[in-house]
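Trainee: kindly generate the corresponding structure for this input.
(one chain, ligands or ions: 1)
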Amino acid sequence: MTRIGGVSIATAPFAALGGQAAKLGLHLTDAQIGQCGAYAAALIETNRSVNLTAITDPDAIALKHFLDSFTAYAARSWTGHERLVDVGSGAGFPGLALAIALPGLAVTCVEATGKKARAIESFAGLLGIEAQVLHARAEEVVRDQRQRARHDVATARALGSLAHCAELLLPFLKVGGDAIAWKGRIDAELPAAERALAAIGGEIAAVVPTASLGLGAELPGRHLVVLRKTRATPDRYPRTPADMKRRPW
Ligand code: SAH
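Mentor: Reported below is the predicted structural model:
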């Protein structure tokens, strides 16, 4: 055990994380691995009083939160200086984890639940990461002209169907930008996603199974879906939450 920030953490899963991330072409320094461990310790500690995640043991946090977030690195070509918005960040995944892995990113986390947004802010502070954390719904944030069509990458894990992700993420992107959705099985969601993309202005650029990244054992059955924005999104998207519910794609 090691102590970081006054909290004991199991170092072994985080030592393994370095080797696993290297399979993605992502070479993390000891300091970055240390940040992941400190983040995990703070997450476990905070989760005792604030329900942030169902994943609470360090091994599982290393794989299912950090490594899973890092798979985005292999799903597209990065400059490392993108403006990235993470929608529905929860406890900060994948947004804050990617901010650790690629410190040159300008990361915005959008989270509708106050206690989660406050937790992300405190984790970022603890780790010395300058991320913008917005406690709001994405539908409102993206009406702000400083946010709409201003990002290079938009991410979402466990936010909803692929079509719903397309509607919430693409309006944030510049034309040519990529939305990345973390999914399990996707076949059943593809027809609705195609309809949404045709209206919103995007296409499916890639579907990347974790198995193709050499992580089929660590992260079984997961897919990253890359949605590329091909033209400006009409102003009426995203619709209001009520309209999205009433008329799913
Ligand atoms: N991405 C995290 C959390 C997933 S749970 C992870 O994978 O661990 C989905 C989160 O999205 C919840 O915290 C919920 O509050 C938030 N959320 C759902 N719809 C949202 C919206 N329209 N705008 C902002 N946050 C949203």
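
Trainee: ok, now which ones touch the most centrally placed residue in the chain?
Mentor: The centroid of the chain falls nearest to residue 94 when counting by C-alpha atoms, centre = their mean (2.9 Å). Contact analysis of residue 94 by C-beta atoms under 8 Å, 6 or more residues apart in numbering lists 68-70, 72, 86, 155, 157, 182. The C-beta positions use only the backbone N, C-alpha and C, and glycine is treated the same way.

Trainee: of these, which fall within the contact range of the ligand?
Mentor: residue 157 (C-beta under 6 Å from any ligand atom).

Trainee: most neighbours, which of the contacts of residue 94?
Mentor: residue 86 (33 neighbours; other C-beta atoms under 10 Å).

Trainee: wait, a strand at that one?
Mentor: Yes. Under DSSP: H, G, I helix; E, B strand; the rest coil, residue 86 sits within a strand.

Trainee: separation between the residue nearest to the centre of the chain and residue 188?
Mentor: 23 Å (C-beta to C-beta, to the nearest Å).

Trainee: quick one, helices of this protein?
Mentor: Ranges of helices in the chain, per DSSP state H, are 12-23, 30-47, 58-60, 68-70, 95-101, 114-127, 138-141, 162-169, 190-200, 241-246.

Trainee: what's the average pLDDT for the fifth one?
Mentor: The one in question is helix 95-101. Taken as a whole, helix 95-101 carries a mean pLDDT of 98.

Trainee: how about that helix: buried residues?
Mentor: 95-101 (16 or more other C-beta atoms under 10 Å).

Trainee: run the chain-centre distance for the longest strand seen in the chain.
Mentor: Using DSSP state E to define each element, the chain has its longest strand at strand 173-183. Its chain's average C-alpha position is 11 Å from that of strand 173-183, according to C-alpha atoms, centre = their mean, to the nearest Å.

Trainee: can you offset everything so residue one is 728?
Mentor: Got it, the first residue is 728 from now on, which makes the last one we talked about strand 900-910.

Trainee: other SSEs contacting that strand?
Mentor: strand 878-884, helix 889-896, strand 950-956 (3 or more C-beta pairs under 8 Å, 6 or more residues apart in numbering; DSSP states H and E).

Trainee: is the last one in proximity to the ligand?
Mentor: Put plainly, it is strand 950-956. No. Judged by C-beta under 6 Å from any ligand atom, strand 950-956 makes no contact with the ligand; its nearest approach is 12.8 Å.

Trainee: quick one: mean pLDDT over that strand.
Mentor: Mean predicted lDDT for strand 950-956 stands at 98.

Trainee: could you do the first one as well?
Mentor: For strand 878-884, the mean pLDDT works out to 99.

Trainee: and the angle from it to strand 900-910?
Mentor: Angle between the axes of strand 878-884 and strand 900-910 is 20 degrees (criterion: axes from the mean of the first three to the mean of the last three C-alpha atoms, to 10 degrees).
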